[in-house]
Structures are given as C-alpha cells and as structure tokens.
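# this one's structure only:
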C-alpha cells in the first residue's frame, strides 16, 4: 500500500508509475507505525467516534428538560453519530458546526491504544442534490461547472484531509450521497432528476475512487429504504444501477464495503406482528399501507437487496448498514400484539409499529422514536448480512423547515415538511410532520424530546433526575377567526416558535380557560347568539410551563333570526383534486358538501385568497404563469351565509411547455368475475411526449359496480364515478411509460366494462 501522505491523484498516478519504472530498485523498510490492513467489517471490534458537537446539544437539552426525561437524554449523549459534510464550507467549519479536522482530531483523542476506532462521515453535496424534493437541495447545480467544483473543492479536499498520516489509524466509514442513485430509479422522469442523473453517476464514481485511494476509508452507498425501493420493479433496477456505477470506478467492487439503508428515515427495523402472509385469501402486502410491497421493514429490504446485489455480481462479502436513529416507534401508541380484525387494512393498521399515516411521509414524522443503539455485527437477521446499526442521522437534527426560511445553503421549502399540508403523494392526507421545524440539519429540540420519549428499546435514565427548565414557551401569534354560528366560533393561530417542545395550547374566552388542544385550531362552543367575546391562547410545554397570553381576538357569534332554522355552517367539501393543467390553467373538482340545509355554492381559494364563488363542484383557474405551483382550497356557503371549514388543500402546478393533448393516453381494461365479485385491471399508458408529474384517471362504471379494495393506486368512488390517483411510488408517469393498477369490486347482474376514461381531463384511447 503506498504511503497516504504521498498518494498520487488520478492523472498524476500514471506519471508516478512511469517514474517508478525508470528509478533504480532499492530496498525500503516498512514504516514503524503502518496502518492496519483493510478488514471485512470495519465496525467489528472497534470503538466509535462520539461527535462532541452533537453531544453538547444533547447535554444542553437534558439540562433544560430536567427530571427523568433529562436523565434519559444524558444516557445517549455518548452514542456515536455521523458527521455530515453537507456543503463545501462544512469542511472547514461554519455556523452549523466545526469542520472535518476538528472531528478527526477529536476522534484521535478518543481512540484507545491498541483498539480500532471508526469515524462515521456523510458525503452529501452532489450537483443537483435531492432532485425530487426541496428541503435538502444543495449549493451545487447540475452542470459541468459545479461538477468540477464538486471534484476539486469538495471531494478532493475531503480526501486530502483524510489522507493525512495523522488519521491513518482511524477507520473512516463514509455514507455516499443519500437519496442520489435511488432517485434515478424511481424519479428519472422528473426534469430535475433527468438533469442531475449524469452528475450523480459521475460524482458518486469519483467520490468512491478518491476515497478508496486513501486506503482506510470504507464506503457504503445509500440504498434508500424498504418503502422506496422494496417493490421488485424498483429493487431489481436499483441493483443494476448500483452495479453500473460501481463498475465505472477504477477499483470496481473493491471501491465499496457495502450499502446503507434508511438514512434519515423512519422505516422500522422489524415489524414484529406482521409477515407477508395471507389474511383469509388476501395477501397482507396488498393492504393500503404497503401497496403490494412485500418488504415491510428494513430487515426485509436489506436481505432482499443483498440477494439482488450478489445476483448482479457483487461479492458475497458485501455488508449492510441500517440507520436506526429514528425508527424505534415506541411509546404508548406502539402495538403490543397482532390485530384480531378480519378487515385487511384494519388488521395492518392495528398491527404495524410504523405509526406514520403513509410510508411516503418522510419529513420530521410525528410519533417517531429512537431505535436500536449503534452496534457492530447485530444478531437476529442473518439474511441481511448486517455490518452494523448506525446513527447516520443524528437524532434531533431536522429533515427540513416546516415553513419557508430564507437561507444561503440552497435548501428550499418542501410542503412535505408542512404539518398543515394535505399531500396528494400521501393519499390526500396531512403530512404528519412536526411544526416549527428549522432548516434541514439544524438542531430541532422538540423533535429530540419526542424521539427520546418514544424510543424503542426504551432509554433508561439513571434515576437521579436534575433541574427542570422553568422558562416559559414563546407566545402564539397570528390568532384569527374562522367560521361562526349562533353558538360557536372557530379560531386558529400560528404555532409558538419555542424551540424546546410545545405540547399544546390552552384557549381562553374572556380570560377563562375553555379547552385545550395539541393543534393550532379550536372551536369554542356553548356561546350566546349575537355576542362578542375576547379569545386568547397560551402555549404549554412538556414541563408544564405556560406562555403569556396571545393578543386578544374579538369574535362575534351569529344573530339568531328567530326562524328556528339551522344556523350551523355547512359541512366541508371533500375530495378536492386537480383534474387537468395547461401552461396557464389549473382545473379542479371536488365532492359536494353533504350539508342538508341548502348549500348555495362554493368559494375557491388560491394561495389563501378567494378567486371565485360558483354553484358547481368544479372550477378552472385561468391566467396563471407557466411552471408555477399554487395551493387551492374550497369552502361551501349556504343561503344564510354560513361558511364551512376548508376542504383541505391541493397543489396545482401549471405545465412548463403545454398541457397534455386530448387522446394522449391509452387504457387497457380487463376484468374477471365470480358470483358477485370481480377483479379489475388497468394498464394506463402516457402517450404524450412529456412526463406527467401527477396524474388523475377517471371513469364511470356502467352497471353500478363498486370498488372494495385497490392496489398500486388510490381509489375514490362517488356513485358510478371512480377517481384514481397515484400511489407514492408511481406519482410520475414518464413519456411513453405505463403503469399497472388494479382493484377488487362487487357487482350485481352484469359486469360490463367502462368505455370512457380521462387522464388529467383528456380523453384516452381504450385498447
């Protein structure tokens, strides 16, 4: 092995080799303190570097929490966490933390004589980083200029520092570019990912080569998680892509030690009460939560991935890492036994430890907990070939901001991090993200408190407790009035900006407490008609500290007209969806309010501002700019002027260069019937020349058929009309691409096939 202090780089390697051939051969002695030879598992028998910067945040949080919670926080303050190089300035150190040399020097100080130590490093600054999301977008753009910067200002500088002989006794474990190559498997039809693809391939290969040349670096390529690549249609192509990139390096398979899964995600290590078996005659994997993905957890996915990689030619010595920093899912909501329900979705929902509303909910998920502590060669899952459990994502560091925060890091506001956003990617459900989150990578103390409280295995404190934080949380702001009736008034507000963990709010009317809530909205009831009240709100935290009251808001209930009529507001419309887009329009539709006292129309809001009041249940918003996204909501209004709550929101994005022309889709429908049941299958093909970033397929059953269960998509039915929207993994439908979806249904008498289908408002050819 050449001395790492004089390691030749790329082009210099050829010149150095020629010089060696021309030089006379002389005997040389081995260095007295030669670095250890490479090992098959760098974690085995080694101690682990404890990031003192992260530990300081934990200790400070423990001081503020006090009591048993503070004691439990301190119990993990010395756990090893990875050091992220998330931009060029992180190498030298910036406002977010000290630089690479600081951590390496600290690791040398922590190292015990004669005992190996590994240092966990994350390489994360590819051009066009995080091409399918926004929260972790980076500083470098997908172009040749920034690719050159990635190599010379980022990878080469990191490799040179690691190459310092002072660090040759460390085992450096490098997680290579989270979310990069997996995006090229599932999201390549997205324009941003298409632009980034060549730089992802080139950049990952360059990083693997540069780090492998150091000698004591062990690289693990990010391989997403079970809920992303677990489907065979994703896992197989992923293994092929990994092979292509690895074999494009100078060292080939020798350039990687393995793969790391679940980085910064919360997919459980193991679902103890669920297996891919039958519930009656129905496969458990067909439940809505799993969408026919048989990899329920990371133990499943790593075993699956290992088999795929070995089949592609990777050596059998390849190893797997699982990030267990946030996948414990303990706490009071964790199931303790398998469900006894015979309804498939109920059975799965009551049995799974993963408490997210959808497997695609990735940003600061509420209810998550710390998982298994970092450990080498963990037992229990031999088919996974695990090298270690690791904490790649330091617990308590944010996934992304819950609101738009200007910054110079390239990170953007992703609505998946907004707890008020109803996401089409999550079957039109709220994201389940925590409120008041800072930028990705920054300390998020209320999340850390939650993770410790919900840890599984549970974290045990030392029982000594400590002083509790007595600082009151900050005051809620932005108190506003919503719908009113003769006896009630709805209010909402902006969450407290407290950074220690607000757990809820107390609502006061004329100075007296009338209720508590964990959300940022509340409906006050039991009021008198035609009366004005002063409403205020106070925040409270887990330690029982209460903020000062918000500025008072005056709300006035409706007058009682004496008619005895219903003064209640109508019910909210449901099923708000985008049915079509062009470069200047967004078409919407929704299900009518079920109010029974006479809805007269609907008010449509774009980005919070009313843009129309109509009597129909559809609307086309016109005059928009191309390539822009807008958030829409709808409220029902009745003859008395009562206004419903909002329908929830949906995002509509105008096309970049024209909408889909009519007839640019093909549907092949087939069905097999038995008694009063049937199975329907649809093959949907996008015949247009452009990718669809979201899609909605609609059709009508001719004979009153009813869908009872579906897979590979989300299904909503009103009367005979069926609306189909994507699953999380097939939101994008590329130009010329097809998707196979299906469902079970019931019928009586005939079961004729639908004869007309529309895709995003355009008619399809029926094949």
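That came through, no problem. Predicted, not measured: the structure shown is a model, and the values here were computed from it. Residues are numbered from 1 along each chain as shown.

# and the nearest residue to residue 47 once chain neighbours are set aside, how many neighbours does it have?
Nearest-residue entry for residue 47: residue 117, 4.9 Å, with adjacent residues in sequence omitted and distances by C-beta to C-beta, 6 or more residues apart in numbering. Bear in mind the C-beta positions are built from the backbone N, C-alpha and C, glycine included. Other residues within reach of residue 117 by the criterion other C-beta atoms under 10 Å amount to 18.

# could you check how far residue 117 is from residue 52?
14 Å (C-beta to C-beta, to the nearest Å).

# would you mark the buried spots in stretch 277-295?
Residues 279, 284-295 are the ones in stretch 277-295 that count as buried (16 or more other C-beta atoms under 10 Å).

# which one of these is nearest residue 377?
Set against residue 377, the nearest of the buried residues of stretch 277-295 by C-beta to C-beta is residue 295 (22.4 Å).

# measure how buried residue 598 is and give me the count.
Residue 598 has 12 nearby residues by other C-beta under 10 Å.

# contact partners for it?
Contacts for residue 598 (C-beta atoms under 8 Å, 6 or more residues apart in numbering) come out as 638-639.

# use 671 as the first number from now on
That works, and once the first residue is 671, the last one we named lands at residue 1268.

# tell me the pLDDT of it.
Looking at residue 1268, its pLDDT stands at 76.

# again with residue 831
For residue 831, the pLDDT comes out at 97.

# now residue 1264
According to the model, residue 1264 scores 80 on pLDDT.

# leaving out sequence neighbours, find the closest residue to it.
Residue 1264 sits nearest to residue 1241 (C-beta to C-beta, 6+ apart), 5.1 Å away.

# what is the least confident helix or strand in this structure?
helix 681-692 (a mean of 32; mean pLDDT, DSSP states H and E).

# immediately after it, which helix or strand?
Moving toward the C-terminus from helix 681-692, the next helix or strand (DSSP states H and E) is strand 717-718.

# if we can go back for a sec, farthest pair within the buried residues of stretch 947-965?
Among these, 949 and 965 lie farthest apart (C-beta to C-beta), at 17.9 Å.

# re earlier: now, which of the buried residues of stretch 947-965 sits nearest residue 851?
Nearest member of the buried residues of stretch 947-965 to residue 851, counting by C-beta to C-beta, is residue 965, at 17.8 Å.

# show me the contacts for the closest residue to the closest one other than its chain neighbours.
Spatial nearest neighbour of residue 965, excluding adjacent residues (C-beta to C-beta, 6+ apart): residue 900 at 3.1 Å. With contact taken as C-beta under 8 Å, 6+ apart, residue 900 is in contact with 963-965, 970-971, 974.

# helix or strand for residue 1355, which one?
strand 1347-1356.

# contacting residues for residue 879?
Contacts of residue 879 by C-beta under 8 Å, 6+ apart are 680, 919-921, 925.

# buried ones in the helix or strand where it lies?
Remark: residue 879 resides in helix 861-884, with elements defined by DSSP H and E. Neighbour-count burial for helix 861-884 flags 862-864, 866-867, 869-884 (criterion: 16+ other C-beta under 10 Å).

# same check, this time on stretch 1289-1299
Using 16+ other C-beta under 10 Å as the test for burial, stretch 1289-1299 gives 1289, 1291, 1294.

# now stretch 1399-1415
1399-1404, 1409, 1411-1413, 1415.

# related to what we said a few turns ago, what's around the residue nearest to residue 1264, how many residues?
Considering only other C-beta under 10 Å, residue 1241 is surrounded by 16 other residues.

# that one and residue 1306, how far apart?
7 Å.

# overlap in contacts of the two?
Joint contacts of residue 1241 and residue 1306 (C-beta under 8 Å, 6+ apart) are 1263, 1265, 1314.

# list phi and psi for the nearest residue to the second one once chain neighbours are set aside.
Computed as C-beta to C-beta, 6+ apart, the closest residue to residue 1265 that is not its neighbour in sequence is residue 1240, at 3.4 Å. Here is the backbone geometry of residue 1240 (degrees, to the nearest 10): phi -70, psi 160.
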